[in-house]
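Q: how does the following fold in three dimensions:
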Amino acid sequence: MHDRATIAMIGHPQRQSLAGRGVDTTSIHPIDRHVGQQLRIIRIHSNLSQTELGKLVNLSYQQIQKYESGKNRMSASVLYEIANCLNVPVSRFYDGLPQMGSEPVNSGLPEIDERIAYLATSEGRRFVEEILRLPPRLRTRAFALIQVLTVDAA
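A: Residues are numbered from 1 along each chain as shown. Okay, the predicted model is just below:
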């Protein structure tokens, strides 16, 4: 006799886990991560929450979260819809990636991804906003102080 969870899974195969269907959920392709981070940056720059963007393209906020993390890949049609809602060209999501044939896709992306991910956080945005409020001379001094602090921390 099957329990209710098993019956629910059999009745709704889309609810089965990705791992159960042979999909490796532990590795996210660097380009999927990059495109997702670009989505997050553009969405935040547009002053939209994940829920608001989801409503505009008929998706849940959870799906937007998965796209932004790179856990789920965006289809061409979803990427096109999102780009239209955010009023950017589709190519904007690929900005910063190396050109084909110039270098391997994986080289340099982790460092770039880390920077993009930080700037997409509320702390990163507040940091940049506060720095930009400083006059240029103080901004230069703040940068020099940060360089000293990073050397001391290493």
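Q: okay, CA-based contacts and neighbour counts for the rest of this
A: OK.
Q: so where's the protein uncertain?
A: 1-26, 100-113 (pLDDT under 70).
Q: same thing but at 80, please
A: Counting by pLDDT under 80, the chain contains low-confidence ranges at 1-27, 98-122, 153-154.
Q: centroid residue for it?
A: In the chain, the centroid-proximal residue (CA atoms, centre = their mean) is Gln37; its distance is 2.2 Å.
Q: Gln65 is in contact with that residue, correct?
A: No. Using CA atoms under 8 Å, Gln37 makes no contact with Gln65, being 10.3 Å away.
Q: related to what we said a few turns ago, so the residue nearest to the centre of the chain is in which element?
A: Gln37 belongs to helix 30-45 when assigned by DSSP states H and E.
Q: next: Ala117.
A: Per DSSP H and E: Ala117 is located in helix 109-119.
Q: check what contacts the lengthiest helix in the chain and list those residues.
A: In the chain, taking DSSP state H as the definition, the longest helix is helix 136-153. The contact list for helix 136-153, computed with CA atoms under 8 Å, 6 or more residues apart in numbering, reads 131-132.
Q: list the buried residues for stretch 48-66?
A: Neighbour-count burial for stretch 48-66 flags 50-54, 61, 63-65 (criterion: 16 or more other CA atoms under 10 Å).
Q: test my guess that Tyr94 contacts Val35.
A: Yes. Taking contacts as CA under 8 Å, Tyr94 lies within contact range of Val35: 6.1 Å.
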